[in-house]
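Asks: Give the three-dimensional model of this entry:
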Amino acid sequence: MSHSPEELEGIAIAGRVSSVLSILGSFTIIGAFSLSRHFRSPIHRIIFFNAFYNLFDSVATMISTSGPQAGDTSSLCQFQGFALQMFPVADVLWTFAMALDTYLVVFHHFDTQSLRKLEVKYLGAITTLSFIPAFVFLFIRGHDRGPIYGDETIWCSVSRTWMILRIIFYYAPVWAIIVIVLILYFLIGIEITRVRDEFKLTDDDHIALTSGNSASSVKTTIEANSQRNPGFTPESSIPSDTEQNTFRRPPTANKVNSNYQTPQQRRVSLRQYVIMPSLFFLAMLATWIAPTINRISEFVHHEHGTYSLLLSVSTLGSLRGFWNGVIFITIGMKGWKRRASERRMALRQVRLSYSW
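Replies: Numbers count the residues shown, from 1 in each chain. Sure thing, here's the model as predicted:
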(Lines give C-alpha, C1' and ligand atoms only; values in the text may rest on other atoms or scores of the structure.)
Protein backbone atom coordinates (compact mmCIF):
# COMPACT_ATOMS: atom_id res chain seq x y z
CA MET A 1 0.00 0.00 0.00
CA SER A 2 1.59 3.25 -1.13
CA HIS A 3 1.10 6.51 0.71
CA SER A 4 1.01 10.01 -0.68
CA PRO A 5 3.77 12.53 0.15
CA GLU A 6 1.26 14.47 2.26
CA GLU A 7 0.46 11.39 4.33
CA LEU A 8 4.14 10.60 4.86
CA GLU A 9 4.74 14.20 5.87
CA GLY A 10 1.94 13.99 8.44
CA ILE A 11 3.39 10.76 9.83
CA ALA A 12 6.84 12.35 10.06
CA ILE A 13 5.55 15.45 11.86
CA ALA A 14 3.57 13.38 14.39
CA GLY A 15 6.55 11.13 15.09
CA ARG A 16 8.96 14.03 15.52
CA VAL A 17 6.65 15.92 17.87
CA SER A 18 6.30 12.79 20.00
CA SER A 19 10.08 12.30 19.88
CA VAL A 20 10.69 15.83 21.17
CA LEU A 21 8.30 15.19 24.06
CA SER A 22 10.14 11.95 24.84
CA ILE A 23 13.51 13.70 24.81
CA LEU A 24 12.15 16.29 27.24
CA GLY A 25 10.77 13.49 29.42
CA SER A 26 14.14 11.71 29.50
CA PHE A 27 16.01 14.91 30.39
CA THR A 28 13.42 15.58 33.12
CA ILE A 29 14.16 12.19 34.68
CA ILE A 30 17.92 12.69 34.45
CA GLY A 31 17.69 16.20 35.89
CA ALA A 32 15.36 15.29 38.76
CA PHE A 33 17.51 12.29 39.71
CA SER A 34 20.72 14.32 39.59
CA LEU A 35 19.45 17.36 41.49
CA SER A 36 17.17 15.86 44.14
CA ARG A 37 17.97 13.20 46.71
CA HIS A 38 14.26 12.46 46.88
CA PHE A 39 14.48 10.49 43.62
CA ARG A 40 17.05 7.91 44.74
CA SER A 41 15.18 4.69 45.53
CA PRO A 42 16.18 1.52 43.61
CA ILE A 43 13.16 1.93 41.34
CA HIS A 44 14.12 5.55 40.64
CA ARG A 45 17.63 4.42 39.78
CA ILE A 46 16.35 1.88 37.25
CA ILE A 47 14.20 4.57 35.62
CA PHE A 48 17.25 6.86 35.56
CA PHE A 49 19.35 4.25 33.73
CA ASN A 50 16.53 3.59 31.28
CA ALA A 51 16.26 7.30 30.49
CA PHE A 52 19.57 7.15 28.60
CA TYR A 53 18.31 4.23 26.50
CA ASN A 54 15.11 6.20 25.85
CA LEU A 55 17.18 9.13 24.60
CA PHE A 56 18.79 7.03 21.86
CA ASP A 57 15.39 5.59 21.01
CA SER A 58 13.97 9.11 20.67
CA VAL A 59 16.86 10.19 18.42
CA ALA A 60 16.05 7.26 16.11
CA THR A 61 12.34 8.06 15.97
CA MET A 62 13.22 11.74 15.39
CA ILE A 63 14.91 10.72 12.14
CA SER A 64 11.50 9.37 11.07
CA THR A 65 10.97 9.09 7.30
CA SER A 66 14.38 10.63 6.55
CA GLY A 67 15.89 7.19 7.12
CA PRO A 68 13.97 5.42 4.33
CA GLN A 69 14.38 8.43 2.04
CA ALA A 70 18.17 8.18 2.39
CA GLY A 71 18.13 4.62 1.04
CA ASP A 72 18.42 1.17 2.62
CA THR A 73 22.22 1.07 2.40
CA SER A 74 22.76 4.57 3.77
CA SER A 75 24.42 5.10 7.15
CA LEU A 76 21.38 7.05 8.37
CA CYS A 77 18.98 4.19 7.57
CA GLN A 78 21.28 1.57 9.09
CA PHE A 79 21.79 3.60 12.27
CA GLN A 80 18.05 4.13 12.62
CA GLY A 81 17.36 0.43 12.11
CA PHE A 82 20.01 -0.54 14.67
CA ALA A 83 18.66 1.91 17.27
CA LEU A 84 15.03 0.87 16.75
CA GLN A 85 16.02 -2.76 17.14
CA MET A 86 18.05 -2.27 20.32
CA PHE A 87 16.54 0.45 22.47
CA PRO A 88 12.81 -0.42 22.46
CA VAL A 89 13.75 -3.96 23.51
CA ALA A 90 15.98 -2.52 26.24
CA ASP A 91 13.05 -0.42 27.47
CA VAL A 92 10.97 -3.58 27.90
CA LEU A 93 13.84 -5.30 29.73
CA TRP A 94 14.19 -2.36 32.14
CA THR A 95 10.46 -2.59 32.83
CA PHE A 96 10.99 -6.25 33.65
CA ALA A 97 13.83 -5.23 36.02
CA MET A 98 11.41 -2.93 37.87
CA ALA A 99 8.87 -5.73 38.21
CA LEU A 100 11.59 -8.09 39.41
CA ASP A 101 12.72 -5.59 42.05
CA THR A 102 9.14 -5.30 43.29
CA TYR A 103 8.80 -9.09 43.40
CA LEU A 104 12.05 -9.43 45.36
CA VAL A 105 10.93 -6.79 47.86
CA VAL A 106 7.51 -8.32 48.46
CA PHE A 107 8.36 -12.03 48.43
CA HIS A 108 12.07 -12.20 49.31
CA HIS A 109 12.38 -9.02 51.41
CA PHE A 110 15.33 -7.46 49.63
CA ASP A 111 16.41 -4.17 51.14
CA THR A 112 17.82 -1.12 49.33
CA GLN A 113 21.42 -2.28 49.40
CA SER A 114 20.53 -5.73 48.09
CA LEU A 115 18.60 -4.21 45.20
CA ARG A 116 21.44 -1.86 44.30
CA LYS A 117 23.83 -4.79 44.02
CA LEU A 118 21.65 -6.08 41.20
CA GLU A 119 21.97 -2.91 39.13
CA VAL A 120 25.31 -3.84 37.55
CA LYS A 121 23.84 -7.21 36.57
CA TYR A 122 20.80 -5.48 35.08
CA LEU A 123 23.00 -3.10 33.08
CA GLY A 124 25.18 -5.90 31.74
CA ALA A 125 22.36 -8.30 30.90
CA ILE A 126 20.02 -5.73 29.33
CA THR A 127 22.75 -4.09 27.24
CA THR A 128 24.08 -7.45 26.05
CA LEU A 129 20.70 -8.98 25.18
CA SER A 130 19.51 -5.92 23.27
CA PHE A 131 22.82 -4.96 21.63
CA ILE A 132 24.03 -8.25 20.15
CA PRO A 133 21.13 -8.96 17.72
CA ALA A 134 20.89 -5.29 16.71
CA PHE A 135 24.65 -5.14 16.01
CA VAL A 136 24.86 -8.44 14.15
CA PHE A 137 21.98 -7.42 11.86
CA LEU A 138 24.12 -4.56 10.54
CA PHE A 139 26.44 -7.01 8.78
CA ILE A 140 23.95 -9.44 7.25
CA ARG A 141 23.13 -8.99 3.58
CA GLY A 142 21.12 -11.14 1.20
CA HIS A 143 21.67 -11.25 -2.56
CA ASP A 144 17.93 -11.06 -3.18
CA ARG A 145 16.64 -9.62 0.08
CA GLY A 146 19.25 -6.91 0.65
CA PRO A 147 20.26 -5.64 4.11
CA ILE A 148 18.20 -6.56 7.15
CA TYR A 149 17.52 -2.93 8.04
CA GLY A 150 15.53 -1.23 5.34
CA ASP A 151 12.58 0.94 4.35
CA GLU A 152 9.51 0.36 6.52
CA THR A 153 7.63 3.46 5.36
CA ILE A 154 7.72 5.47 8.60
CA TRP A 155 11.35 4.64 9.48
CA CYS A 156 14.06 2.07 8.85
CA SER A 157 13.84 -1.18 10.79
CA VAL A 158 13.95 -4.90 10.02
CA SER A 159 12.46 -5.03 6.55
CA ARG A 160 9.55 -7.19 5.41
CA THR A 161 11.89 -9.50 3.47
CA TRP A 162 13.45 -10.47 6.81
CA MET A 163 10.15 -10.65 8.71
CA ILE A 164 11.01 -13.94 10.43
CA LEU A 165 13.98 -12.27 12.17
CA ARG A 166 11.71 -9.43 13.26
CA ILE A 167 9.37 -11.92 14.90
CA ILE A 168 12.07 -14.08 16.51
CA PHE A 169 14.31 -11.30 17.83
CA TYR A 170 11.82 -8.51 18.43
CA TYR A 171 8.13 -9.21 18.90
CA ALA A 172 8.38 -12.73 20.34
CA PRO A 173 10.82 -11.85 23.18
CA VAL A 174 9.08 -8.55 23.87
CA TRP A 175 5.66 -10.12 24.33
CA ALA A 176 7.12 -13.04 26.27
CA ILE A 177 8.61 -10.52 28.73
CA ILE A 178 5.32 -8.63 28.88
CA VAL A 179 3.50 -11.84 29.82
CA ILE A 180 6.10 -12.61 32.50
CA VAL A 181 5.75 -9.10 33.94
CA LEU A 182 1.96 -9.49 33.98
CA ILE A 183 2.31 -12.71 35.95
CA LEU A 184 4.71 -11.06 38.42
CA TYR A 185 2.37 -8.15 39.05
CA PHE A 186 -0.57 -10.53 39.38
CA LEU A 187 1.28 -12.45 42.11
CA ILE A 188 2.42 -9.22 43.77
CA GLY A 189 -1.13 -7.85 43.74
CA ILE A 190 -2.52 -10.99 45.36
CA GLU A 191 0.12 -10.92 48.10
CA ILE A 192 -0.28 -7.22 48.86
CA THR A 193 -4.06 -7.52 48.97
CA ARG A 194 -3.77 -10.48 51.35
CA VAL A 195 -1.38 -8.69 53.67
CA ARG A 196 -3.33 -5.43 53.73
CA ASP A 197 -6.60 -7.23 54.42
CA GLU A 198 -5.04 -9.48 57.02
CA PHE A 199 -3.40 -6.66 58.99
CA LYS A 200 -5.83 -3.88 58.02
CA LEU A 201 -3.01 -1.62 56.81
CA THR A 202 -5.00 1.00 54.92
CA ASP A 203 -3.98 4.23 56.62
CA ASP A 204 -1.30 5.31 54.11
CA ASP A 205 0.64 4.10 51.08
CA HIS A 206 2.95 1.86 53.12
CA ILE A 207 2.63 -1.80 53.89
CA ALA A 208 4.28 -3.79 56.66
CA LEU A 209 6.18 -6.83 55.46
CA THR A 210 7.57 -9.55 57.69
CA SER A 211 10.32 -12.10 57.21
CA GLY A 212 7.69 -14.68 56.38
CA ASN A 213 4.76 -12.45 55.51
CA SER A 214 2.78 -14.54 57.91
CA ALA A 215 0.17 -13.69 60.46
CA SER A 216 2.12 -15.50 63.17
CA SER A 217 5.17 -13.28 62.64
CA VAL A 218 3.17 -10.09 62.96
CA LYS A 219 1.19 -11.49 65.87
CA THR A 220 4.46 -12.20 67.69
CA THR A 221 5.60 -8.64 67.02
CA ILE A 222 2.34 -7.18 68.30
CA GLU A 223 2.38 -9.31 71.44
CA ALA A 224 6.00 -8.35 72.17
CA ASN A 225 5.18 -4.66 71.84
CA SER A 226 2.06 -5.07 73.97
CA GLN A 227 4.17 -6.47 76.83
CA ARG A 228 6.55 -3.53 76.58
CA ASN A 229 3.82 -0.92 76.33
CA PRO A 230 0.27 -1.54 77.62
CA GLY A 231 -1.01 1.26 75.39
CA PHE A 232 0.33 -0.37 72.25
CA THR A 233 -1.97 -0.96 69.30
CA PRO A 234 -1.12 -2.64 65.99
CA GLU A 235 -1.54 0.66 64.20
CA SER A 236 0.99 2.38 66.49
CA SER A 237 3.72 0.05 65.25
CA ILE A 238 3.58 1.62 61.84
CA PRO A 239 6.19 4.37 61.42
CA SER A 240 5.40 7.20 59.05
CA ASP A 241 8.82 8.65 58.37
CA THR A 242 10.29 6.23 55.86
CA GLU A 243 9.78 5.65 52.16
CA GLN A 244 12.48 3.00 51.73
CA ASN A 245 12.27 -0.73 52.33
CA THR A 246 14.84 -0.70 55.12
CA PHE A 247 14.93 -2.55 58.41
CA ARG A 248 14.10 -0.61 61.55
CA ARG A 249 16.67 -0.66 64.34
CA PRO A 250 15.38 -1.84 67.74
CA PRO A 251 15.26 0.85 70.44
CA THR A 252 17.90 1.10 73.11
CA ALA A 253 17.34 -0.86 76.30
CA ASN A 254 16.68 2.21 78.44
CA LYS A 255 14.03 3.64 76.17
CA VAL A 256 10.55 2.31 75.46
CA ASN A 257 9.35 3.07 71.93
CA SER A 258 5.80 2.31 70.83
CA ASN A 259 7.04 2.35 67.22
CA TYR A 260 9.39 -0.56 67.87
CA GLN A 261 9.58 -3.20 65.16
CA THR A 262 11.33 -6.52 65.35
CA PRO A 263 13.90 -7.23 62.62
CA GLN A 264 11.28 -9.43 60.97
CA GLN A 265 8.97 -6.52 60.18
CA ARG A 266 9.57 -3.47 58.02
CA ARG A 267 7.62 -0.98 55.92
CA VAL A 268 7.60 -0.70 52.15
CA SER A 269 6.23 2.16 50.06
CA LEU A 270 3.47 0.96 47.78
CA ARG A 271 3.85 4.12 45.71
CA GLN A 272 7.52 3.55 44.90
CA TYR A 273 7.65 -0.22 44.72
CA VAL A 274 4.26 -1.10 43.26
CA ILE A 275 2.25 1.80 41.85
CA MET A 276 5.04 3.53 39.92
CA PRO A 277 6.48 0.35 38.32
CA SER A 278 2.96 -0.77 37.42
CA LEU A 279 2.26 2.54 35.68
CA PHE A 280 5.53 2.28 33.78
CA PHE A 281 4.48 -1.16 32.63
CA LEU A 282 1.07 0.07 31.45
CA ALA A 283 2.69 2.97 29.57
CA MET A 284 5.15 0.60 27.95
CA LEU A 285 2.33 -1.78 27.02
CA ALA A 286 0.39 1.04 25.35
CA THR A 287 3.35 1.85 23.08
CA TRP A 288 3.54 -1.75 21.85
CA ILE A 289 -0.09 -2.38 20.91
CA ALA A 290 -0.18 -0.34 17.69
CA PRO A 291 3.19 -1.60 16.31
CA THR A 292 2.20 -5.19 17.02
CA ILE A 293 -1.17 -4.80 15.29
CA ASN A 294 0.62 -3.21 12.34
CA ARG A 295 3.07 -6.12 12.04
CA ILE A 296 0.29 -8.68 12.27
CA SER A 297 -1.62 -6.82 9.56
CA GLU A 298 1.46 -6.75 7.31
CA PHE A 299 2.14 -10.42 7.92
CA VAL A 300 -1.43 -11.41 7.04
CA HIS A 301 -2.09 -9.06 4.13
CA HIS A 302 1.51 -8.79 2.82
CA GLU A 303 1.33 -5.02 2.51
CA HIS A 304 2.08 -1.97 4.62
CA GLY A 305 -0.56 -0.75 7.04
CA THR A 306 -3.14 1.94 6.51
CA TYR A 307 -2.35 5.60 7.02
CA SER A 308 -4.21 5.78 10.34
CA LEU A 309 -2.41 2.71 11.67
CA LEU A 310 1.02 3.96 10.62
CA LEU A 311 0.23 7.34 12.16
CA SER A 312 -0.61 5.59 15.44
CA VAL A 313 2.61 3.57 15.29
CA SER A 314 4.73 6.67 14.64
CA THR A 315 3.04 8.67 17.40
CA LEU A 316 2.73 6.07 20.17
CA GLY A 317 6.02 4.36 19.37
CA SER A 318 7.84 7.65 19.88
CA LEU A 319 6.31 8.49 23.28
CA ARG A 320 8.17 6.05 25.54
CA GLY A 321 10.41 8.66 27.14
CA PHE A 322 7.53 11.13 27.53
CA TRP A 323 5.29 8.76 29.50
CA ASN A 324 8.24 7.66 31.64
CA GLY A 325 8.99 11.28 32.52
CA VAL A 326 5.38 12.09 33.39
CA ILE A 327 5.01 9.07 35.67
CA PHE A 328 8.42 9.62 37.29
CA ILE A 329 7.67 13.22 38.25
CA THR A 330 3.96 12.80 39.09
CA ILE A 331 4.34 9.85 41.44
CA GLY A 332 7.61 11.16 42.87
CA MET A 333 6.16 14.57 43.70
CA LYS A 334 3.15 13.02 45.43
CA GLY A 335 5.49 11.06 47.68
CA TRP A 336 7.62 14.15 48.31
CA LYS A 337 4.59 16.26 49.27
CA ARG A 338 3.31 13.55 51.61
CA ARG A 339 6.64 13.23 53.40
CA ALA A 340 7.02 17.00 53.61
CA SER A 341 3.61 17.17 55.28
CA GLU A 342 4.62 14.41 57.71
CA ARG A 343 7.83 16.25 58.60
CA ARG A 344 5.89 19.44 59.31
CA MET A 345 3.48 17.53 61.54
CA ALA A 346 6.34 15.87 63.39
CA LEU A 347 8.06 19.22 63.90
CA ARG A 348 4.82 20.73 65.19
CA GLN A 349 4.45 17.88 67.71
CA VAL A 350 8.02 18.39 68.92
CA ARG A 351 7.39 22.09 69.42
CA LEU A 352 4.17 21.35 71.34
CA SER A 353 5.98 18.88 73.59
CA TYR A 354 8.64 21.48 74.44
CA SER A 355 5.98 24.13 75.09
CA TRP A 356 4.59 21.94 77.88
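
Asks: correct me, but Gly317 touches Ala60?
Replies: No - contact between Gly317 and Ala60 fails when scored by CB atoms under 8 Å: they sit 10.2 Å apart. Yep, even glycine has a C-beta here, placed from its N, CA and C like the rest.

Asks: residues contacting the nearest residue to Ile23 once chain neighbours are set aside?
Replies: Nearest non-adjacent residue to Ile23, counting by CB to CB, 6 or more residues apart in numbering: Ser58, 4.7 Å away. For Ser58, the contact set (CB atoms under 8 Å, 6 or more residues apart in numbering) comprises 19, 22-23, 26, 318, 320-321.

Asks: can you do 6 Å?
Replies: Contact analysis of Ser58 by CB atoms under 6 Å, 6 or more residues apart in numbering lists 19, 22-23, 321.

Asks: What about those, which are in helices?
Replies: 19, 22-23, 321 (DSSP state H).

Asks: Neighbour-wise, which one of the residues you listed leads?
Replies: Gly321 (30 neighbours; other CB atoms under 10 Å).

Asks: tally of neighbours for Ile30?
Replies: 17.

Asks: mind checking how far whatever helix or strand it lives in is from the chain centre?
Replies: Using DSSP states H and E, Ile30 maps to helix 5-35. Relative to its chain's centre, helix 5-35 lies at 18 Å (CA atoms, centre = their mean, to the nearest Å).

Asks: Next SSE downstream of the helix or strand containing Val59?
Replies: Under DSSP H and E, the secondary-structure element containing Val59 is helix 42-63. Per DSSP H and E, the first helix or strand lying C-terminal to helix 42-63 is helix 66-70.

Asks: That following helix - contacts with which helices or strands?
Replies: In this structure, helix 66-70 packs against helix 75-108, with contacts taken as 3 or more CB pairs under 6 Å, 6 or more residues apart in numbering; DSSP states H and E.

Asks: pLDDT on the helix it packs on, on average?
Replies: Mean pLDDT, helix 75-108: 94.

Asks: Pull out the buried residues from it.
Replies: 77-106 (16 or more other CB atoms under 10 Å).

Asks: Can you list the low-confidence ranges for the stretch 51-200 of the chain?
Replies: Where the stretch 51-200 of the chain drops to pLDDT under 70, the residues are 196-200.

Asks: thinking again about what came up before, kindly provide the distance from the residue nearest to Ile23 to Ile132.
Replies: For Ser58, the distance to Ile132 equals 22 Å [CB to CB, to the nearest Å].

Asks: do the same with Thr102
Replies: Thr102 is 27 Å from Ile132, by CB to CB.

Asks: Leu279 now?
Replies: Distance from Leu279 to Ile132, by CB to CB: 30 Å.

Asks: Between the two, which has more neighbouring residues?
Replies: For Leu279 and Ile132, the more surrounded residue by other CB under 10 Å is Leu279, and the numbers stand at 17 against 12.

Asks: excluding its backbone neighbours, what's nearest the more buried one?
Replies: Per CB to CB, 6+ apart, closest to Leu279 is Ile327, 4.8 Å.

Asks: now do Tyr149
Replies: Using CB to CB, 6+ apart, the closest residue to Tyr149 is Gly81 (2.6 Å).

Asks: and what of Gln78?
Replies: Gln78's closest residue in space is Tyr149 (CB to CB, 6+ apart), at 5.3 Å.

Asks: now swap in Pro88 and tell me
Replies: Pro88's closest residue in space is Asp57 (CB to CB, 6+ apart), at 6.0 Å.

Asks: before we move on, what about Asn54?
Replies: Excluding its sequence neighbours, the residue lying closest to Asn54 (CB to CB, 6+ apart) is Gly321, at 3.8 Å.

Asks: Now do the contacts for the one you found.
Replies: Gly321 touches 22, 25-26, 54, 58, counting by CB under 6 Å, 6+ apart.

Asks: These: which two are farthest apart?
Replies: Gly25 and Ser58 (8.6 Å; CB to CB).

Asks: Against Leu138, how distant is the residue nearest to Tyr149?
Replies: If you measure Gly81 against Leu138 using CB to CB, the figure is 8 Å.

Asks: What of Ser64?
Replies: The value you get for Ser64 to Leu138, if CB to CB is used, is 20 Å.

Asks: related to what we said a few turns ago, what about the residue nearest to Gln78, how many neighbours?
Replies: 28.

Asks: per-residue confidence for the nearest residue to Ala32 once chain neighbours are set aside?
Replies: In space, and not counting its chain neighbours, Ala32 is closest to Phe39: 5.1 Å by CB to CB, 6+ apart. Note on Phe39: pLDDT of 82.

Asks: Buried by neighbour count: which residues of stretch 118-135 qualify?
Replies: For stretch 118-135, by 16+ other CB under 10 Å, it's 118, 122, 126, 130-131, 133-134.
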